[in-house]
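Colleague: okay, here's the prediction I keep looking at, along with the sequence it came from:
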Amino acid sequence: VDFNADGKNYRGGPFIISAEFAPDAIGAINTWRAKGVSVDGPIETQVIAPVFRRVTGFPNVVIDDQSDGLVTPFYENAEIPATAYRIGYPYNLGSCDDVFVMPHADPSWEDHQNLLTFNQGGGFIWAACHAVSALENVDDPGDPDTDPDMNFLSERALVLWGDHGDGTPPYLYNNSEADHPIMQFMGNVDSATQNGSEQIYLPDDMGWRPSTTIAAWDPDHPDIPSESPGEAAVFAYGRGFGNPNNGLVMYEGGHDLDEDSPAGVAAQRAYFNFLLLGGIENESQPSITLDVPAAISCEPSEVSTSNSGGTPPYTTLWANDCGGSFSDPNDPDTTFTPPEVSEPTTCLIRQTVIDQCGRFNFATTSMVIDNPEITIEKEVTPNLVAPGDTVTYTIIVTNIGNVNAHLTELEDVALPAGFTFVPDSTSGLTTNNPVITSQTLTWSGDWNIPTGGEATLSYEAIVSNLPGDYLSGAATDEICVDTVVSVADTAQVTVTLD
């Protein structure tokens, strides 16, 4: 069992579509369900699962021209379009290719030597039937050493297909590899491999490389130990020549795995698992690092990305699911203008990148769009003065919301009658003198107050010569709030003759 969700056990390497992608995927999900694919959800409760890796792209696959008809039915069965691969030869593999597939072939040094360079550059190789033992025995004729030179997974070579017997199921499966991505299939592959000129692979007397994983094998093959020390592998995989920097190589027994049976499905699923691993393990996909604020108000905000890996140059595309817009959706550094919202709204920001080879990847992040929430207070000191004395008013603006506040205007709504502003006395947000209209003082500017922050503006005024109690308030204009935020006449000055 891989994990449990909503009381149900899941096994066999399920694919999980996270909540943020569900709206985009629902059309495909409904199509799959109509075809009988088991799809659960949406699941409302939190799912805790051992996620291996996020699948965001598909590798560039080249299928060997000699026997492409043995593998292309896999794609038809899975309804994967033919655009997901090309037909070619080992000698024309290039930097834009990620996986080479050789289901049946008679490899030669002349035609297949490029697989060495390909694998050393991180390329993945999948092979089946007698292409496997033939490949492992290919020797460079220009090398005075007569040992094979394409023994990717064996210490020296494999026993050739005509020199050993077929497999004798049932096979054993390596429980320690049960969590490996390639082995995520249901049941076994036994019957699907029982055809063709090579159903199982035996190393010569030097054995398999220590770095090679034998994931399934024939425990009682009649040619062990007389012809080979074993194991007689049905599934074998590992980094080419045991070098951790080389691409992964996988051998799968049998000639025609397109069997309409649970074993055939398992064998083909293992093949596609290998391909998906080739798309995310060999670092051929472009990588994306997003720089997007976690929360913004209604104002435009800068967003950016840095891309690496794959084959530059890149084509980028920004998208969102909340109705916002980008100044240039194809620019890695652009400006996002959010929509107007009446309540906190989560917005999914996505960037897709395609490299020169057509490899694609995407990254997503979410931001919260919210309107600022600010409070305003007004204080005055001293509160008890004589006629003509000077007092100091202080206006305090506090951001109690979840996003930055942007102020463009601050007003002392009505300086009491008989009071006069003291020129050049402003401090705090600005030192500029206000625009005075009647008894209203207005300061204009471009002020940002972070979440949880506050800003103050103080100024001096000469009080009236007439005794009495004088009250005044203040107001501010926040760019993302339609209404002016104000405070009532709470700042009181008492002018007395005593």
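Modeller: That came through fine. Computed from a prediction, not measured in an experiment: that's the story for all the values here.

Colleague: so what does residue 336 look like in phi/psi?
Modeller: phi -100, psi 130 (degrees, to the nearest 10).

Colleague: for it, which non-adjacent residue is spatially closest?
Modeller: Leaving out its chain neighbours, the residue that sits closest to residue 336 by CB to CB, 6 or more residues apart in numbering is residue 303, at 4.9 Å. Glycine gets a C-beta too; all of them are placed from N, C-alpha and C.

Colleague: what is the burial count for the one you found?
Modeller: For residue 303, the number of neighbouring residues by other CB atoms under 10 Å comes to 24.

Colleague: residue 270 falls within a helix, correct?
Modeller: Yes - counting by DSSP: H, G, I helix; E, B strand; the rest coil, residue 270 is found in a helix.

Colleague: measure it to residue 213 for me?
Modeller: 13 Å (CB to CB, to the nearest Å).

Colleague: the two - which one has more neighbours?
Modeller: residue 270 (24 against 20).

Colleague: so residue 379 sits in a helix?
Modeller: No - applying three-state DSSP, one finds residue 379 to be strand, outside a helix.

Colleague: not counting sequence-adjacent ones, nearest residue to it?
Modeller: residue 394 (4.8 Å).

Colleague: I'd like to know the beta-bridge partner residues of that neighbour.
Modeller: Under the criterion DSSP bridges, residue 394 forms beta bridges with residue 379, residue 458.

Colleague: my read: it touches residue 380, true?
Modeller: Yes - taking contacts as CB atoms under 8 Å, residue 394 lies within contact range of residue 380: 7.5 Å.

Colleague: three-state assignment of the residue nearest to residue 336?
Modeller: With three-state DSSP as the basis, residue 303 sits in strand.

Colleague: please, where are all the strands along the stretch 151-300 of the chain?
Modeller: 172-173, 213-218, 232-239, 248-252, 287-291, 295-296 (DSSP state E, counting those that start in this stretch).

Colleague: mean pLDDT lowest where, among the ones you listed?
Modeller: Note on the strands of the stretch 151-300 of the chain: strand 287-291 shows the lowest mean pLDDT, a mean of 79.

Colleague: now that one: buried residues?
Modeller: Across strand 287-291, burial judged by 16 or more other CB atoms under 10 Å covers residue 288.

Colleague: what does it rub up against?
Modeller: Strand 287-291 is contacted by residues 303-310, 349, 351, 353, 361-363, 365 when judged by CB atoms under 8 Å, 6 or more residues apart in numbering.

Colleague: strands - which of the residues you listed land there?
Modeller: 303-308, 349, 351, 353, 361-363, 365 (DSSP state E).

Colleague: widest-spaced pair of those residues?
Modeller: Taking CB to CB as the measure, the ones in strands among the contacts of strand 287-291 span a maximum distance of 19.5 Å, between 308 and 349.

Colleague: more neighbours, these two?
Modeller: The neighbour comparison of residue 308 against residue 349 (other CB under 10 Å) goes to residue 349, with 22 against 12.

Colleague: shouldn't the more buried one be in contact with residue 296?
Modeller: No - counting by CB under 8 Å, residue 349 stays clear of residue 296, with 10.5 Å between them.

Colleague: for the two, list the residues in contact with both.
Modeller: With CB under 8 Å, 6+ apart as the test, residue 349 and residue 296 both reach 336, 367.

Colleague: how many residues are close by residue 174?
Modeller: 15.

Colleague: check it and give its pLDDT.
Modeller: 96.

Colleague: and residue 286, by the same measure?
Modeller: At residue 286, pLDDT is 64.

Colleague: residue 243 too?
Modeller: 97.

Colleague: pLDDT below threshold where in the protein?
Modeller: Along the chain, the model assigns pLDDT under 70 to residues 282-286, 478-488, 498.

Colleague: ok, now which ones touch the residue nearest the centre of the chain?
Modeller: Nearest residue to the geometric centre of the chain (CA atoms, centre = their mean): residue 363, 4.0 Å. Residue 363 sits next to 56, 288, 289, 290, 305, 350, 351 when contact means CB under 8 Å, 6+ apart.

Colleague: from residue 56, how far off is the second one?
Modeller: Think residue 288. Note on residue 288: its distance to residue 56, by CB to CB, is 9 Å.

Colleague: same deal with the last one?
Modeller: In this structure, residue 351 and residue 56 are separated by 11 Å, where distance is defined by CB to CB.

Colleague: so which of those two has more stuff around it?
Modeller: More crowded of residue 351 and residue 56, by other CB under 10 Å: residue 351, with 25 against 17.

Colleague: surely the more buried one and residue 315 touch.
Modeller: No - using CB under 8 Å, residue 351 makes no contact with residue 315, being 11.0 Å away.

Colleague: how about stretch 372-390 as PDB, C-alpha atoms only?
Modeller: C-alpha atoms of stretch 372-390 as PDB (Å, rounded to 0.1, in the frame of the first residue of the first chain):
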ATOM      1  CA  PRO A 372      -5.800  46.700   2.500                       C
ATOM      2  CA  GLU A 373      -7.300  47.300   5.900                       C
ATOM      3  CA  ILE A 374      -6.100  50.400   7.600                       C
ATOM      4  CA  THR A 375      -7.000  52.400  10.700                       C
ATOM      5  CA  ILE A 376      -6.300  56.100  11.400                       C
ATOM      6  CA  GLU A 377      -5.900  57.900  14.700                       C
ATOM      7  CA  LYS A 378      -5.200  61.500  15.600                       C
ATOM      8  CA  GLU A 379      -3.500  62.800  18.700                       C
ATOM      9  CA  VAL A 380      -2.600  66.200  20.000                       C
ATOM     10  CA  THR A 381      -0.100  67.400  22.700                       C
ATOM     11  CA  PRO A 382      -0.400  69.300  24.900                       C
ATOM     12  CA  ASN A 383      -4.200  69.100  25.400                       C
ATOM     13  CA  LEU A 384      -4.500  72.100  27.700                       C
ATOM     14  CA  VAL A 385      -3.000  75.400  26.400                       C
ATOM     15  CA  ALA A 386      -3.200  79.100  26.700                       C
ATOM     16  CA  PRO A 387      -4.400  81.300  23.800                       C
ATOM     17  CA  GLY A 388      -1.700  81.600  21.000                       C
ATOM     18  CA  ASP A 389       0.300  78.600  22.200                       C
ATOM     19  CA  THR A 390       1.700  76.000  19.900                       C
END
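
Colleague: what comes up buried for stretch 324-341?
Modeller: Within stretch 324-341, the residues that count as buried by 16+ other CB under 10 Å are 324, 326, 332, 334, 336, 338, 341.

Colleague: ditto for stretch 56-65
Modeller: 56, 57, 58, 59, 60, 61, 62, 63, 64.

Colleague: check stretch 239-256 too.
Modeller: Those would be 239-241, 246-256, for stretch 239-256 by 16+ other CB under 10 Å.

Colleague: where's that stretch relative to the chain centroid, distance-wise?
Modeller: Mean C-alpha position of stretch 239-256 versus that of the full chain (CA atoms, centre = their mean, to the nearest Å) differs by 27 Å.

Colleague: what of stretch 100-109?
Modeller: Distance of stretch 100-109 from the chain centroid (CA atoms, centre = their mean) equals 34 Å.

Colleague: for the remainder of this discussion, apply numbering that starts at 746.
Modeller: Will do, 746 is the new start, and the previous item becomes stretch 845-854.

Colleague: perfect, that will be all.
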